[in-house]
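A.B. asks: Sequence first, then the predicted structure:
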Number of protein chains: 2
Amino acid sequence: MQLREGTRVRIKKKSGNGTVVYEGTVMPTMSSNIVLKLDNGYNVGIHPEHVDVEVIKSPKIMKGAGKGTYELEKGPRGENDLPSLSILSTGGTIASKVDYRTGAVSPQFSTEDILEAIPELGQIANIRGKVLYSILSENMRAEYWQKLATEVYNEIKNGAEGIIVTHGTDTMGYTAAALSFMVQTPVPIVLVGSQRSSDRPSSDAAMNAIGAAKVACGDIAEVVVVMHGDTSDNFCFIHRATKVRKLHTSARDAFQSVNDRPIGKVYYDANDPGNIKFEFLSAYTRRDENELKLKGKLEEKCSLIKFYPGADPGILDFFVAQGYKGIVLEGTGLGHVSAEWIPYVERVTKSGIPVVMTSQCLYGTVCDRVYDTGRDLIRAGIIEGEDMLPETALVKLMWVLGQATDMDEVQAMMQKNIAGEISETRVR
Amino acid sequence: MQLREGTRVRIKKKSGNGTVVYEGTVMPTMSSNIVLKLDNGYNVGIHPEHVDVEVIKSPKIMKGAGKGTYELEKGPRGENDLPSLSILSTGGTIASKVDYRTGAVSPQFSTEDILEAIPELGQIANIRGKVLYSILSENMRAEYWQKLATEVYNEIKNGAEGIIVTHGTDTMGYTAAALSFMVQTPVPIVLVGSQRSSDRPSSDAAMNAIGAAKVACGDIAEVVVVMHGDTSDNFCFIHRATKVRKLHTSARDAFQSVNDRPIGKVYYDANDPGNIKFEFLSAYTRRDENELKLKGKLEEKCSLIKFYPGADPGILDFFVAQGYKGIVLEGTGLGHVSAEWIPYVERVTKSGIPVVMTSQCLYGTVCDRVYDTGRDLIRAGIIEGEDMLPETALVKLMWVLGQATDMDEVQAMMQKNIAGEISETRVR
């Protein structure tokens, strides 16, 4: 039996000689049970055998609100006390709190919905919103990043004192890294989303959004990701965009900084959501330290290839034949591929296509000067990706190839820290 | 100035009005400094400017010992008290302790070298050794796994009470997973290596090898990886082969169990290396619970493709055209690729080539029943990879396609736990 999420149902189930009746809204689940959110807020899992299901109300599908701008009422403390933020919405499940109240399951929510669902935001800032996209984040791509960067740039130019970008969590790290390279910013640019958590679907949406608003009003003038910190539910981490990665498919604290400490924590108190408290864990660029600049050009034709034992180096020729302009390899260990790849790599680099080496270990630094394979790769023209995440290296290569074409310049830019993507001092 | 690792040098460096003289062996390093291991065991980093270098002795390059069997003398407690282990050597840097004593830098070491370098092994077991390969682990591939599995099988059949496989760390996780599927074992099969650590290059080689020997004498009749546990230096983790992953390019505690607790810890006391102490963290298969069986057939033509925003689905057609028989995708989040991939995936699965979905999050479980993209992927015939590591899913698919060709059977085997690769109870 397929029950659509968001459907309001009454389920009768035999229990001993009697019958138990449950009424509630069908929740998404990874189990074969039906999971209902009951009116008391609790969830119940019901084995789908020998049950009698009555549909009370089918889910309302919320439509994307289209593209437009919504002015909210002023926050309760009056216009002059509160900073002006812009929320740019790209889709995703940040508004999942609305989700279960209305029974809707589509990821398409307008900024207005977010603000209605999380009225506490009004205590923190005067907020205006704009829906840019209503897409699932796996459908993000470089051309959307470019439009997003332009919109972020325009909002800041038009006086926004901080930007919040709502985004699906799947590719939030990639988008965040892209914005880091494309926009030099005097104000905070905060990406935020929510992980769908079947036990408490709404809690991280509100907490994350409130945390994001506080950070957007604050002093960190960088592109950051603000997401649920740990299971204690009392803070979000503020991650540097180029160092953050989704490291769990479903947990709320899925986002982790890799090869770097998070910039800090923003605390959350459900009883006093307007109270702003930060804890800083590492240095950051302060408000107005940098001038606003847009360097939005990207070379989309870049690929990321993960190596595995026995992998066919012919894949390199495939990408070259497709007109690709840059390749990032996710090698093993310190940055290795098998010996048979080396002549292929050399052919690619000799044809003027940069090949950047990163590691599938994710943690640690690539160093191709330790073992024979690495030294051969350097001779073949590989660019060591230092301690960059493979995903960040891919996005950076797209950006670097948008700014430079000379191979030496490309190499120099790839190995120079531009937006915190290469650690100056190593963590661990 | 390029100084070859292992070179014995005397370096004079100006310091104030005087000169400091260092004598020692050149160590591998990731910094631009020259790093020497001094005779007192300490390392020193020397800035390469204004130095006077005298080469005392060039490094001796150790040759691979070729293939052969070495019988060691009995352990000190006499033959009858100690179990019989076989060490199968495939290469890698496990013998890096020898490395700096002899000045050699090649990864090609014989089993004899390992046993000579770590005489404590003789207190734990009677050990015989065999060199199978002397290769860098990035050159490992399925055909080598098959030979290794056959050798492991034969050693056990011929009375070995435990097996140690020495292996380079880069692809140790892949090989370990492959052995898990190919060999059903009544005795422990332990993979061990050493991470090159520039500060203490030798310590994890000895500690890991001694830990591996203890585990090989013990009760865990599974394929496991025994590697340095944490910076306290007093235990190694015993990782289940299908759940372990190299998660740092250079740290000694690079190996971590993902989506599972390690099976346990084996403690190490440098003052009493023969003392055996375990701590168990999860259930395991006990000695002689399973009969010895070899199921060594693999389908090598399987690929692992990592998705990223804007990735071209034409890559699927490339692999099909190359005659590939199975594909593992490393999707985003719960197991997603962009919408334009879905018809390509469907075409592949309809042609009888299984496509397995895993997540680049690494942690957590794939679930394609939550979002639209996932449901579309299931309709397109995708096989959910549950909470398998992408690397383990690739190796398993090679093995499953060696055992079955019917798509339904392949799907059923991929989604059934065979060697601990799918968690029965979820961690986190």
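C.D. replies: Perfect, I can see it now. Numbers count the residues shown, from 1 in each chain, chains lettered A, B, ... in the order given.
A.B. asks: tell me the SS of residue A:86?
C.D. replies: strand (DSSP: H, G, I helix; E, B strand; the rest coil).
A.B. asks: Pull the number of nearby residues for it.
C.D. replies: 27 (other CB atoms under 10 Å in any protein chain shown). Using the backbone N, CA and C atoms, a C-beta is placed for each residue, glycine as well.
A.B. asks: what residues are up against it?
C.D. replies: Taking CB atoms under 8 Å, 6 or more residues apart in numbering or on different chains, we find residue A:86 in contact with A:127, A:128, A:129, A:130, A:155, A:160, A:162, A:163, A:164.
A.B. asks: pLDDT below threshold where in the stretch 51-200 of chain A?
C.D. replies: Applying pLDDT under 70 to the stretch 51-200 of chain A picks out residues A:58-80, A:92-112, A:196-200.
A.B. asks: can you map out the strands along it?
C.D. replies: For the stretch 51-200 of chain A, the strands defined by DSSP state E, counting those that start in this stretch cover A:51-57, A:69-71, A:84-89, A:126-131, A:162-166, A:183-184, A:189-192.
A.B. asks: Mean neighbour count, those: which tops it?
C.D. replies: Comparing the strands of the stretch 51-200 of chain A by mean neighbour count (mean count of other CB atoms under 10 Å in any protein chain shown), strand A:189-192 comes out on top with a mean of 30.
A.B. asks: So for stretch A:18-34, mean pLDDT?
C.D. replies: The average pLDDT for stretch A:18-34 rounds to 78.
A.B. asks: sorry, that was for stretch A:411-420
C.D. replies: Stretch A:411-420 shows a mean pLDDT of 97 in the predicted model.
A.B. asks: likewise stretch A:251-270?
C.D. replies: Averaged across stretch A:251-270, pLDDT comes to 94.
A.B. asks: Span of that stretch from start to end?
C.D. replies: With CA to CA, to the nearest Å as the measure, the ends of stretch A:251-270 fall 20 Å from one another.
A.B. asks: Buried residues in it, which are they?
C.D. replies: For stretch A:251-270, burial by neighbour count (16 or more other CB atoms under 10 Å in any protein chain shown) applies to A:251-266, A:268.
A.B. asks: Which of the residues you listed fall within strands?
C.D. replies: Of those, the ones assigned to strands by DSSP state E are A:255, A:256, A:257, A:264, A:265, A:266.
A.B. asks: contacting residues for the third one?
C.D. replies: Remark: with contacts taken as CB under 8 Å, 6+ apart, residue A:257 is in contact with A:237, A:239, A:240, A:243, A:244, A:245.
A.B. asks: likewise residue A:224?
C.D. replies: Per CB under 8 Å, 6+ apart, neighbours of residue A:224: A:176, A:188, A:189, A:190, A:191, A:215, A:238, A:239, A:240, A:241, A:263.
A.B. asks: got CSV for those, with distance to chain B too?
C.D. replies: Shown next, in CSV, are the contacts of residue A:224 (distance: CB to the nearest CB, whole Å):
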residue, distance to chain B
A:176, 12
A:188, 23
A:189, 18
A:190, 20
A:191, 14
A:215, 23
A:238, 20
A:239, 15
A:240, 19
A:241, 15
A:263, 22
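A.B. asks: Now do the helices in chain A.
C.D. replies: Ranges of helices in chain A, per DSSP state H, are A:96-102, A:111-117, A:121-124, A:142-157, A:172-182, A:203-216, A:314-321, A:342-350, A:372-379, A:390-403, A:407-414.
A.B. asks: would you turn those helices into CSV with distance to residue B:287?
C.D. replies: Compiled in CSV, the helices of chain A are given as follows (distance: least, CB to CB, whole Å):
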stretch, distance to residue B:287
helix A:96-102, 49
helix A:111-117, 57
helix A:121-124, 60
helix A:142-157, 55
helix A:172-182, 44
helix A:203-216, 45
helix A:314-321, 43
helix A:342-350, 44
helix A:372-379, 38
helix A:390-403, 41
helix A:407-414, 51
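A.B. asks: Give me the neighbour count for the residue in the stretch 151-300 of chain A that chain B sits nearest to.
C.D. replies: For the stretch 151-300 of chain A, the residue closest to chain B is residue A:249, as judged by CB to the nearest CB, at 3.1 Å. If you count neighbours by other CB under 10 Å, residue A:249 ends up with 30.
A.B. asks: residues touching it, list them.
C.D. replies: Here residue A:249 is in contact with B:333, B:334, B:335, B:359, B:361, B:363, B:364, B:365, B:366, B:367 (CB under 8 Å, 6+ apart).
A.B. asks: just those residues that are near chain A?
C.D. replies: The subset of the contacts of residue A:249 within reach of chain A, by CB under 8 Å from any CB of the partner chain, is B:333, B:334, B:335, B:359, B:361, B:363, B:364, B:365, B:366, B:367.
A.B. asks: quick one: which of those residues has the most company?
C.D. replies: When neighbours are counted by other CB under 10 Å, residue B:335 leads the ones next to chain A among the contacts of residue A:249 with 34 neighbours.
A.B. asks: confidence score at that residue?
C.D. replies: Per-residue pLDDT puts residue B:335 at 97.
A.B. asks: could the helices of chain A be laid out in TSV, adding mean neighbour count?
C.D. replies: Shown next, in TSV, are the helices of chain A (neighbours: other CB atoms under 10 Å in any protein chain shown):
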stretch	mean neighbour count
helix A:96-102	21
helix A:111-117	22
helix A:121-124	22
helix A:142-157	19
helix A:172-182	28
helix A:203-216	27
helix A:314-321	17
helix A:342-350	17
helix A:372-379	18
helix A:390-403	26
helix A:407-414	17
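A.B. asks: Out of these, flag the one nearest residue A:7.
C.D. replies: helix A:96-102 (11.6 Å; CB to CB).
A.B. asks: Let's have the contacts of residue A:249 in a markdown table, adding distance to residue B:411.
C.D. replies: Formatted as a markdown table, those follow (distance: CB to CB, whole Å):
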| residue | distance to residue B:411 |
| --- | --- |
| B:333 | 22 |
| B:334 | 19 |
| B:335 | 15 |
| B:359 | 18 |
| B:361 | 22 |
| B:363 | 24 |
| B:364 | 21 |
| B:365 | 17 |
| B:366 | 14 |
| B:367 | 16 |
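A.B. asks: ok, so of those residues, who is nearest residue B:82?
C.D. replies: The closest of the contacts of residue A:249, once distances to residue B:82 are taken by CB to CB, is residue B:363, at 40.2 Å.
A.B. asks: Confirm for me that the closest one is in contact with residue A:250.
C.D. replies: No. Using CB atoms under 8 Å, residue B:363 is not in contact with residue A:250; the gap is 9.2 Å.
A.B. asks: Give me the phi and psi for the closest residue to chain B within the stretch 301-428 of chain A.
C.D. replies: Chain B sits closest to residue A:364 of the stretch 301-428 of chain A, with a gap of 3.1 Å, by CB to the nearest CB. The phi/psi pair for residue A:364 (degrees, to the nearest 10) reads phi 100, psi 180.
A.B. asks: The ones in strands among the buried residues of stretch A:251-270 into JSON lines, with extra columns for distance to residue A:6?
C.D. replies: Listed next are those as JSON lines, based on distance: CB to CB, whole Å:
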{"residue": "A:255", "distance to residue A:6": "26"}
{"residue": "A:256", "distance to residue A:6": "31"}
{"residue": "A:257", "distance to residue A:6": "35"}
{"residue": "A:264", "distance to residue A:6": "37"}
{"residue": "A:265", "distance to residue A:6": "34"}
{"residue": "A:266", "distance to residue A:6": "31"}
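A.B. asks: Can you name the two of these that sit furthest apart?
C.D. replies: Across those, the longest distance by CB to CB is 16.2 Å; it joins A:256 and A:266.
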